[in-house]
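Undergrad: Mind folding the following:
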Amino acid sequence: MLPDRPKTLAATLRMLIGLGMRTYLLAMTPMTFFQRSLIYQPTRCASLIASNSGYSYPLVDLTVRAHDGLELHGWLSLTASVPAAAAVDVPGSLATGGPVILYFPGNAGNRAKRFRQFEVLTSLKAHVLLVDYRGYGDNAGKPSEQDFARDARSIWNQLTTELGVPPHRVVIYGESLGGGVATRLASDLCREGIEPGGLIVQSTFSSLVAVAQAQFPLIPVSWLLVDRYPSDCRIVDVTCPILQIHGQQDTIVPLAIGQRLFDAAPVTSTQGIPKQQLVMPETDHNNVYGGQRDHEILINGLSRFFAVITEQPTDGAQPVPPDRAVIPRQPADVGFHWPIDGTLLMTLVLVGLAEALWWLARTKSRPGLSDHTNSRESG
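TA: Below you'll find the model as predicted:
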């Protein structure tokens, strides 16, 4: 007697559902246990020496000791011309010129990959300090959100105490993932009553969870992510002037996700300066400083923001009053990278193939339905 067909179909469906669930759960393994190695993509090297960089502006090495004793290395780009043979008076150089940009980069590369950012910002009469994250460039250590936050505070303390830069002259700048680091630092400072000169967030997100969920809608990233960078919850405490820069064509952090961060920010600073948004219509995620068509938009936007927060004209232009300082939204270079899309796809394929081979081997090892039926009939 043949088995009842509906029961056989039900068993097959159960097997397929189980196969799919096992494949899905096994594919989550790299996301769960190796997520930091997937999120953080440093470029490592033995050493990065400023004098060997070939950079056109005065560039000096700077070392910051982190909370746990780890030495973090970075570069300080100065606007003032310094004789090549002379020792650089860093505190004296920082005492002149425009704002001091404390720059937090994206999740990939190292400081040697940000020459274009150094050049553009320094050309606007700003000093630029970029200290690589732990685990990046020639720094030891392993990346994590919590350690990045502590390291950022150590850098801030050295800049404002040992180097003597007043907090109101420091503009905290966060690119992509660095936007999460910058927003947290600015938020913590403002809640303590220490107000920076400004906060610039470029190509960054409302939270890392939002970006990951947009990139991988079938993965429960809200359950899995350890480092979450909830910038939209933290920016509400930022009381200094805020500028957001975002590419209209951003395919890594869509403008809609950046808009959530901008919407969450306070409308004005304590000085009455409205938050500003600069949307670059032809720009993707990784070419904010490398694009040609939107370059003038970027330069004008940064110049206006620096003019507003320093209350000084730029290139002979009149200062922009606070009520006119909002940069209008425009119509429709290493930043954030997502290496996990290819990894995840390959994992799904390999796990699915392994499950299928296992099921076929298991099926062949059992008596066939026809053999089982013939044996019953002959008996």
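Undergrad: how about the helices of the stretch 201-350 of the chain, start to end?
TA: 208-215, 221-224, 231-234, 255-264, 295-310, 340-364 (DSSP state H, counting those that start in this stretch).
Undergrad: Check for me that Val171 belongs to a strand.
TA: Yes. With DSSP: H, G, I helix; E, B strand; the rest coil as the criterion, Val171 is located in a strand.
Undergrad: about what we covered before: the helices of the stretch 201-350 of the chain: lowest mean pLDDT?
TA: Comparing mean pLDDT over these, the weakest stretch is helix 340-364, at a mean of 55.
Undergrad: burial count for the nearest residue to Ser56 once chain neighbours are set aside?
TA: Across the structure, with C-beta to C-beta, 6 or more residues apart in numbering as the measure, the residue nearest Ser56 apart from its sequence neighbours is Glu119 (6.9 Å). Placement of C-beta: from N, CA and C, glycine included. Around Glu119 there are 16 other residues, counting by other C-beta atoms under 10 Å.
Undergrad: for the one 4 residues further on, same thing?
TA: The criterion is other C-beta under 10 Å. On that basis, Ser123 has 13 neighbouring residues.
Undergrad: try Met15
TA: Neighbourhood size, Met15 [other C-beta under 10 Å]: 13.
Undergrad: my read is it is in a helix, agree?
TA: Yes. Using three-state DSSP, the secondary structure at Met15 is a helix.
Undergrad: Neighbours of Leu224, how many?
TA: Under the neighbour criterion other C-beta under 10 Å, Leu224 is assigned a count of 14.
Undergrad: That one against Phe34, yeah?
TA: No. Here Leu224 does not reach Phe34: they are 11.1 Å apart, not a contact under C-beta atoms under 8 Å.
Undergrad: From the centre of this protein outward, give me the first residue you hit.
TA: The centre of the chain sits closest to Leu177, judged by C-alpha atoms, centre = their mean, with a distance of 1.1 Å.
Undergrad: which residues touch that residue?
TA: Contacts were defined as C-beta atoms under 8 Å, 6 or more residues apart in numbering; by that measure Leu177 touches Ile39, Pro105, Gly106, Asn107, Thr204, Leu208, Tyr229, Phe336.
Undergrad: do the same with Pro143
TA: By C-beta under 8 Å, 6+ apart, Pro143 lies in contact with Arg36, Ile39, Tyr40, Pro42, Tyr133, Arg134, Gly135, Tyr136.
Undergrad: Next, give phi and psi for it.
TA: For Pro143, the backbone dihedrals (degrees, to the nearest 10) come out as phi -70, psi 140.
Undergrad: And for it, nearest residue in space, chain neighbours not counted?
TA: Nearest residue to Pro143, sequence neighbours excluded (C-beta to C-beta, 6+ apart): Tyr40, at 4.0 Å.
Undergrad: next one: stretch 94-111 to chain centre, how far?
TA: What separates the centre of stretch 94-111 from the centre of its chain is 15 Å, taken as C-alpha atoms, centre = their mean, to the nearest Å.
Undergrad: Dump the C-alpha coordinates for it into CSV.
TA: Once non-C-alpha atoms are left out, stretch 94-111 reads as follows in CSV (Å, rounded to 0.1, in the frame of the first residue of the first chain):
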residue,chain,number,x,y,z
LEU,A,94,47.2,76.7,16.2
ALA,A,95,46.7,80.1,18.0
THR,A,96,46.4,81.8,14.6
GLY,A,97,44.3,81.2,11.5
GLY,A,98,40.7,79.9,11.4
PRO,A,99,39.0,77.1,13.1
VAL,A,100,40.6,73.8,14.1
ILE,A,101,38.9,70.9,12.5
LEU,A,102,38.9,67.7,14.6
TYR,A,103,38.3,65.2,11.9
PHE,A,104,36.9,61.7,12.4
PRO,A,105,37.1,59.6,9.1
GLY,A,106,35.0,56.8,7.8
ASN,A,107,35.3,53.1,8.4
ALA,A,108,37.9,52.3,5.7
GLY,A,109,41.5,53.3,5.0
ASN,A,110,43.7,55.5,7.2
ARG,A,111,44.8,59.2,7.4
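Undergrad: Many thanks, have a good one.
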